[in-house]
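A.B. asks: give me a 3D structure for the following:
(2 chains)
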Amino acid sequence: MTAKLYVSSSPHLRQGDTTQKIMLNVVIALMPALIAAVVIFGWRVLLVTGVTVGSCVLAEFISRKVMKRKNTVFDLSAVVTGMLLAMNLPVNVNLLIAVFGSVVAIVVVKQMFGGLGQNFVNPAIAARIVLLVSFPAQMTTWTAPLIYQNGADAVSTATPLANNANGISTSYMDLFLGTTGGCLGETCAIALIIGGVYLIVKRIISPIIPLCFIGTVALFAVLVGQDPLFHILSGGVIIGAFFMATDYTTSPITFKGKLIFGISCGVITMLIRLYANLPEGVSFSIILMNILTPLIERGTMPKPFGSVKKNKA
Amino acid sequence: MKTPNITFPKHPFKTRGGARVPHRKNTAQCESVIMPPPSQVIIPMQQHIGAPCTPVVKAGDTVKVGQLIGKASGFVSAPIHSSISGTVKKIGFVTMPNGGRVQAIVIDSDGEMTVSEDVKAPTVNNLEDLLQAAQDSGLVGLGGAGFPAHVKLNVPKDKNIDTLIINAAECEPYITADHREALENSWEILSGVYTLKEILNIDRVIIAIENNKPDAIKVMSEIAASKENDPDDRVRILSLKARYPQGAEKVLVQACTKRKIPAGGLPSDVGCIVMNIASISFLAQYIKTGMPLITKRLTVDGSAIANPRNVIVPIGTPINQVIEFCGGYKGTPKKILMGGPMMGLAITDDTIPVLKQNNAILAFTEQDARLMEETDCIRCGRCANSCPMNLVPPVISKCIKLKDMEALEKSGIMTCMECGCCAFSCPAGKHIVHNMRIGKAMLKDYKKAQSAKDKGDKK
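C.D. replies: So this is what the prediction gives:
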């Protein structure tokens, strides 16, 4: 026989999923929310998303080049980060701010810590928080949905959470369909839930974190006598629970760890919403728990099969 | 007298992890074909776990079928017999699939297949007879590990064995040799089961078959259900979920009995003996005829094989001749495996002989042989979710990378049975099992050095 044979360690069969396919599925799952955002806030949504995605990909490409590492643009993780960042921006945001956010997410948070799988916090959330702290005014100027604008140009409005703090209520229908003020991708609950369910059905994410997160928010609201449905549907709870808190890199691998992570995210979100100075706490709760993830994981390591309690020798 | 209060599980008990591996049992309906003896066989002196055998023939000797040619050296060892009749050409060395060099006897066939006078049916009346017979037959665990059978059956007196599990799960893709065994030799299997049950005084026998083999389950159930064969209803078939790796010993024992074999322990620690279906079938045949283990049923399949089928091959036949018998190669083979795609060994050349513990030869073309490119771990956790042993591969990888031996030991790496579920599920194409092997070797070396140091300290 002349042909040379490949020799490798078993297994010789792979299931066929790749990082790229997983990321593509996340992009697909974000599509309903993106379309909803265009319907609700208009075409500028696509411009903002295009700018963040483009700048994220470019930032990834350049930083890998500079660091003399393999080009990883095609794993699509930068595209996902870009889309998530766009979803966390107000629709009329200054595009330069959006670009700055992308650079923070990809270069500072992701690549400087070693690239995909090494970042200690979710890049999109970290970028949002940096922008929120750096440009508080621009980042909290909300544009009213198109159907409430009555032909006038870009009427500004407040988020349902801010309204709630001031005693103004928002109808469930508006919250569900997303016709409220807020970041461009976080308002439409129904579109986000469709995307989230898609990810769960496709087994990209485990339902534990979203269920614990949302369940805790609801329970906390009930316990303090607030409307649980309002707290779930308003702000970033849905997008946070399905798309941000489930980020592989920054959430625990272990089952128990996921439970603790999801519940803690819910508790911190509600504590910030109800008792802190900010109207919204989803980003901060997730980023805090991201930082605690290694600790949670260490504490929840499963016992190997058949391990026996060691007798003191 | 033991109390006859025996219960059988109706459904398998829950087991952890596993992977949805494709079945690809293309040869399930192909009746086994007996391959004519080749002109030459190469019989390695180590086809089992334990000490290698010592050759008892020399170049120029005439040997007959079933004649002892390799004497077991030590208790954990199994004798080796000639699979053809002819002349010993030489005693040389052969490179085994795992890379080791092993002494091997090369025999040129005389084409007669004269059976040796030593081949006589043994009388098996008690446990001692059975253990002697198992030892003389050269039987090793035919599931793949190649653990000598007489060692397995010789359970320490203090262990109370109540369950015999016959492993016919056959969870590896492609392989159908055990499936065919169950269909073609059902009576032998059951008679072996009854003999073993009587002699070992076992309460119940569970024959575990994955539910992707309904015909095998049906045939076996019919025989086992008859009052005549099994008056006390001590033997039953258990239909397992067809999910890899149901046939792994620890997983199988848990699925059948809910018992967990302790880490580093054996099935006998939880009152079970596990035997492969081909092993028990062989044992029954040996008791009847006295012909030692000289042939093996193999599944020959894969994208580079012209006529995939099951063949019964004399041990020692070079793999390329077996493939030739199956119509030769279709396209250029790029990877040849001994065993299944999940745990089989990739071999470096196709002149390696067939061994006792082989159950498949798979050959693949370029498209199926190509390895996935390794990318960064994204911590998706699929490896940990699929691990039947509840391990967390990313943590173990980190320990290996940092050479943190204490953490590595605590991580439970030694529990890893290299089933491959983790690497199969990994979207980053990480060679996780390979890494595990490196880690295990590192830990073993470290422990050896450590104990040597301890001894030195005491002196």
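A.B. asks: say whether chain A is contacted by the lowest-mean-pLDDT helix or strand in chain B.
C.D. replies: For chain B, the helix or strand with the lowest mean confidence is helix B:366-369, at a mean of 87 (criterion: mean pLDDT, DSSP states H and E). Yes: remark: helix B:366-369 sits within contact range of chain A at B:A369, by CB under 8 Å from any CB of the partner chain. Glycine gets a C-beta too; all of them are placed from N, C-alpha and C.
A.B. asks: residue contacts, the one residue in the stretch 151-300 of chain A that gets nearest to chain B?
C.D. replies: Of all residues in the stretch 151-300 of chain A, the one sitting closest to chain B is A:I253 (3.9 Å; CB to the nearest CB). Applying CB atoms under 8 Å, 6 or more residues apart in numbering or on different chains, we find A:I253 in contact with A:297, B:379, B:381, B:384, B:392, B:394.
A.B. asks: what sits against B:N359?
C.D. replies: Residues touching B:N359, when contacts are defined by CB under 8 Å, 6+ apart, comprise B:142-144, B:175, B:177-178, B:278, B:296-299, B:339-340.
A.B. asks: skipping adjacent residues, who's closest to A:I35 in space?
C.D. replies: Nearest residue to A:I35 in three dimensions, chain neighbours excluded: A:A191, at 7.1 Å (CB to CB, 6 or more residues apart in numbering or on different chains).
A.B. asks: which residue ranges of chain A form helices?
C.D. replies: Counting by DSSP state H, one finds helices in chain A at the ranges A:19-41, A:44-66, A:77-87, A:95-103, A:123-134, A:136-139, A:160-165, A:172-177, A:189-201, A:208-223, A:228-233, A:237-239, A:255-275, A:282-299.
A.B. asks: ok, the residue nearest to A:T254 when sequence neighbours are not counted to A:G266 distance?
C.D. replies: Closest residue to A:T254 in three dimensions, ignoring its sequence neighbours and counting by CB to CB, 6+ apart: A:T300, at 4.4 Å. Between A:T300 and A:G266 the distance is 18 Å, computed by CB to CB, to the nearest Å.
A.B. asks: next, count neighbours for the residue lying closest to B:N160 once chain neighbours are set aside.
C.D. replies: Taking CB to CB, 6+ apart, and ignoring the residues beside it in sequence, B:N160 has B:G271 as its nearest neighbour in space, at 5.8 Å. As a burial measure, B:G271 scores 17 neighbours (other CB atoms under 10 Å in any protein chain shown).
A.B. asks: what pLDDT does the model give B:G271?
C.D. replies: The score at B:G271 is 92. That number is its pLDDT.
A.B. asks: surely it touches B:D158?
C.D. replies: No: using CB atoms under 8 Å, B:G271 makes no contact with B:D158, being 11.7 Å away.
A.B. asks: so where is the stretch 1-150 of chain B shaky, pLDDT-wise?
C.D. replies: Regions of the stretch 1-150 of chain B meeting the criterion pLDDT under 70 cover residues B:1-4.
A.B. asks: can we see that at 80?
C.D. replies: Within the stretch 1-150 of chain B, the segments meeting pLDDT under 80 span B:1-6, B:143-145.
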